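>>> just the structure for this:
(one chain, ligands or ions: 3)
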Amino acid sequence: MSSQPHPPQLLKAAILIISDTAFKDPSTDKAAAALEEVFETKGAGKWQLAKDDRAAVSDGIAVKIVPDQKELIQNAIIAWTDGDTFMNLIVTTGGTGFTPRDNTPEAVTPLLHRLAPGLVHGMLAASLEVTPFAMMSRPVAGVRNNTIIITLPGSPKGAKENLQAVLKLLPHACTQAAGENSRIAHAGGTQRLEKEAGVSAGPARSKEPHTHTHNHDHSHSHSHNHSHGHGGHQVPKAHTNPSERPPQSNDPRLGASHRARQSPYPMLSVAEAVAKILENTPSPTPETRPLSTNLVGCILSCDITAAEAVPAYRASIVDGYAVIIPTEESQRHLTKGTFPVASVSHAQASSMPPPLQPGTIARITTGAPLPANANSVVMVEDTTIASLTSPEFGDDASSTPEEKTVTILTDALSPGENIREPGSDIAPNSTILPTNTRITSLGGEIGLLAASGTRQVPVYRRPRLGVLSTGDEVTDISRPGPLTGGMIRDSNRPSLLTLISSWQLCDEVVDLGIARDTPHSELETKLRDAYGLHDLDIVVTTGGVSMGELDLLKPTIERSLGGTIHFGRVNMKPGKPTTFASIPVKGTENRSDSDASQRTQRLIFALPGNPASALVTANLFLLPSLQKFAGVADPKGLERVRVRLAGDVKCDRARPEYHRCVVGMDGASGLLVATSTGMQRSSRVGSVGGANGLLCLPAREGALEAGETCECLMMGMVNGF
Ligand SMILES: Nc1nc2c(c(=O)[nH]1)N[C@H]1C(S)=C(S)[C@@H](COP(=O)(O)OP(=O)(O)OC[C@H]3O[C@@H](n4cnc5c(N)ncnc54)[C@H](O)[C@@H]3O)O[C@H]1N2
Ligand code: MOO
Ligand SMILES: [Mg+2]
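Ligands and ions are numbered 1, 2, ... in the order given. Now for the predicted structure:
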């Protein structure tokens, strides 16, 4: 390998002006000129403002102005970082303050694959020397793909000072970020750089031979690109053009030898991942829907008050005789006796009975309206027939004799007994269901809404979701006969469709089939159709998220769909490569949602292909998102309980594990007891079959022992309903 430094190359820098004002009227911007001057004077001979090199980037602009809008900021940056050629440096100005419109750090941070806190410190330290107002800026810096991105304050003076503070180190940093062989850069460069930047090398460092073999723990820890210069690895040819994409790339078209050999995605904890999901899940949107059983699973978006009284009229609670009983206690014995049956009141819709005259009674059925004047109902069991009508007496022409007089045998009745007063079950205008109540499949809420005359129900809109399997080997379950070659039955799709439907948190759960890995565009096309054609809010995919050259999800999301990956790895077992991203979707203006920015962002949960990983991660990550989207007040996912372990359960040393188990009730103690489903390899479908719980095992050596208690997430009911 040559140790000759290559001839200096010009680095490409782009300036992104982030300002509502400058976007409306570019002539108001003074920051671009101030920064261009810094590049031209202080960075002379090193930087080329890419506006002169239109072929260098897709839209050929080195100075671009965007309003303070997250998606537009992100789109501008991605256009400069994710193409075949890319900017070495992007500096943004503006949007780093504290006003609600200042969201540059929030837009830029999710795009950064690696953070550069040193640059932030450098800028802040320099600015603080000048003014305490430096504290009012919230800068971020880092690397996306091969580009360094730095956010500068909006004031031309502040922007200039900040850039000057770090400019001298930037050529070296950019060269490294671009994938330059750092060994070459070190050979002639480090001392010169330290001198140029005014950094004095300490004694230990200055003794360090600059021709050292590459290792990662030398004291000045520049971030080295892991694929280069590793002992034993083949060293790729040094790149002489620092803005040409180096061998490592997430561009799937470049094939296996070009794929990244370390995941560039930071490893989040499960809690951090859930927080990111909730942050990026849209807030619930209210809508009104007709009352029907289709509402099961919906969450009410406001308090429901009864439109009508229940019952609407005075009704009998029993089958018997409506009577007028004396209100005076001393007169109650007069209730007893024989009375003519003056009328009949059946529970029927068409008519009301005539008023009851004193000294008569009226036959009545349960639920039927009480005749006026009646104040109690005697149960039929407390009466006997005294006389019947008969055709001979000419009372009735029918052949069946009717009750003529009835004897009441009891005087233990009080006024109001066996009567439901109007509104006594549901008072009109009373709150029958408070906001955020879930309409369950148990029927109670639908019943209450129906009874009280609620015909239009205010609920939150539930998301429309699709499930897509990916992978050339994945074969539809309908395929007859034995599998051949490397085929594998698509168990994830039916499994996830079942799970997600059971939550009742989606308006529709669409089966999107299988996307093959080859041709490469199939995944992209299916995802575009899912969001466009099917107008889905959320797509859940399985497979293709790890490190294989045909693991296409992440590059497809970022490169083809312009999506933002919020995380691409989680510290958990199973489910490590779980990926969550937002996808910008245009042309959805006709949706009823109020927030336009939320409307254009759709979500993708790219779950790992292994069946246990897919099911566990759907429970842990998708569920809280659907809960928030659909209006659950506290979207915390699965219910947590403590269980006693039926047997020893081995922990994973490195990752917290979600161990599938069957939770049952111990008959004698009434305590919940968990039994492992056995071998927990994430490909083993049997580890999820029958499981209703996930034991939350800490990352540690050894095992939790039988009889110990452990936290458990309940995926289903204890009795397996
Ligand atoms: N070098 C590394 N390799 C792997 C890593 C890693 O960190 N470095 N992570 C491993 C982990 S952990 C998991 S989990 C898997 C995740 O893999 P992918 O999400 O990329 O999924 P695939 O590679 O497409 O498939 C994995 C496995 O699952 C089967 N599969 C896929 N789809 C289905 C389906 N619909 N139904 C049933 N089974 C399915 C597929 O055939 C594979 O056997 O990566 C590890 N590798
Ligand atoms: O994280 Mo993977 O899901 O263990 O096999
Ligand atoms: Mg894979």
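
>>> which outside residues touch the helix or strand residue 151 falls within?
Taking DSSP states H and E as the definition, residue 151 sits inside strand 147-152. With CB atoms under 8 Å, 6 or more residues apart in numbering as the contact definition, strand 147-152 has outside contacts at 31, 35, 77, 80-81, 86-93, 95-96, 104-105, 108, 111-112, 116, 119, 123, 139-143, 158-159, 162-163, 166, 170, 173-174, 177. To be clear about C-beta, it is placed using only N, CA and C from the backbone, and glycine gets the same treatment.

>>> and it, which strands flank it?
Strand pairing for strand 147-152, determined by DSSP bridges: strand 89-93 (parallel), strand 141-144 (antiparallel).

>>> got the angle for the following helix or strand past that strand vs strand 147-152?
Toward the C-terminus, strand 147-152 is succeeded by helix 156-167 as the next helix or strand (DSSP H and E). Per axes from the mean of the first three to the mean of the last three CA atoms, to 10 degrees, the angle that helix 156-167 makes with strand 147-152 is 140 degrees.

>>> output helix 156-167 as PDB, nothing but the C-alphas.
Only the C-alpha atoms of helix 156-167 are listed here, as PDB (Å, rounded to 0.1, in the frame of the first residue of the first chain):
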ATOM      1  CA  PRO A 156     -24.600  36.200  10.200                       C
ATOM      2  CA  LYS A 157     -22.100  37.200  12.900                       C
ATOM      3  CA  GLY A 158     -22.800  34.200  15.100                       C
ATOM      4  CA  ALA A 159     -22.800  31.800  12.100                       C
ATOM      5  CA  LYS A 160     -19.500  33.300  10.900                       C
ATOM      6  CA  GLU A 161     -17.800  33.000  14.400                       C
ATOM      7  CA  ASN A 162     -19.000  29.400  14.800                       C
ATOM      8  CA  LEU A 163     -17.800  28.300  11.400                       C
ATOM      9  CA  GLN A 164     -14.400  30.000  11.900                       C
ATOM     10  CA  ALA A 165     -14.000  28.100  15.200                       C
ATOM     11  CA  VAL A 166     -14.100  24.700  13.600                       C
ATOM     12  CA  LEU A 167     -13.200  25.400   9.900                       C
END
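
>>> what lies in contact with that helix?
Outside helix 156-167, the residues that touch it by CB under 8 Å, 6+ apart are 30-31, 33-35, 37-39, 42-43, 91, 93, 119, 122-123, 125-127, 130, 133-134, 137, 139, 150, 152-153.

>>> how far does it sit from the chain's center?
Averaged C-alpha coordinates place helix 156-167 at 39 Å from its chain's average position (CA atoms, centre = their mean, to the nearest Å).

>>> sorry, back to before: of the strands paired with strand 147-152, which is nearest ligand 3?
Nearest of the strands paired with strand 147-152 to ligand 3, taken as CB to the ion: strand 141-144 at 23.3 Å.

>>> and that closest one, average pLDDT?
Strand 141-144 shows a mean pLDDT of 94.

>>> now do the SS call for residue 416.
Under DSSP: H, G, I helix; E, B strand; the rest coil, the three-state class of residue 416 is coil.

>>> so it makes contact with residue 374?
No - assessed by CB atoms under 8 Å, residue 416 is found out of contact with residue 374, at 10.7 Å.

>>> which of those two has more residues huddled nearby?
residue 374 (24 against 13; other CB atoms under 10 Å).

>>> the more buried one against residue 325, yeah?
No - with contact defined as CB under 8 Å, residue 374 does not reach residue 325; the gap is 9.1 Å.

>>> hang on, the earlier thing: of the contacts of strand 147-152, list those near ligand 3.
Applying CB under 5 Å from the ion, the subset of those adjacent to ligand 3 is empty.

>>> of the residues you listed, buried ones?
Taking 16 or more other CB atoms under 10 Å as the criterion, what is buried in those is 31, 35, 77, 80-81, 86-93, 95-96, 104-105, 108, 111-112, 116, 119, 123, 139-143, 158-159, 162-163, 166, 170, 173-174, 177.

>>> filter the residues you listed down to the ones near ligand 2?
The subset of these within reach of ligand 2, by CB under 6 Å from any ligand atom, is empty.

>>> ok, the closest residue to residue 94 other than its chain neighbours to residue 32 distance?
Excluding the flanking residues, the one nearest residue 94 by CB to CB, 6 or more residues apart in numbering is residue 154, at 3.5 Å. Per CB to CB, to the nearest Å, residue 154 is found 12 Å from residue 32.

>>> how about the residue in the stretch 351-500 of the chain positioned nearest to ligand 2, phi and psi?
Going by CB to the nearest ligand atom, ligand 2 is nearest to residue 492 of the stretch 351-500 of the chain, at 12.2 Å. Here is the backbone geometry of residue 492 (degrees, to the nearest 10): phi -70, psi -40.
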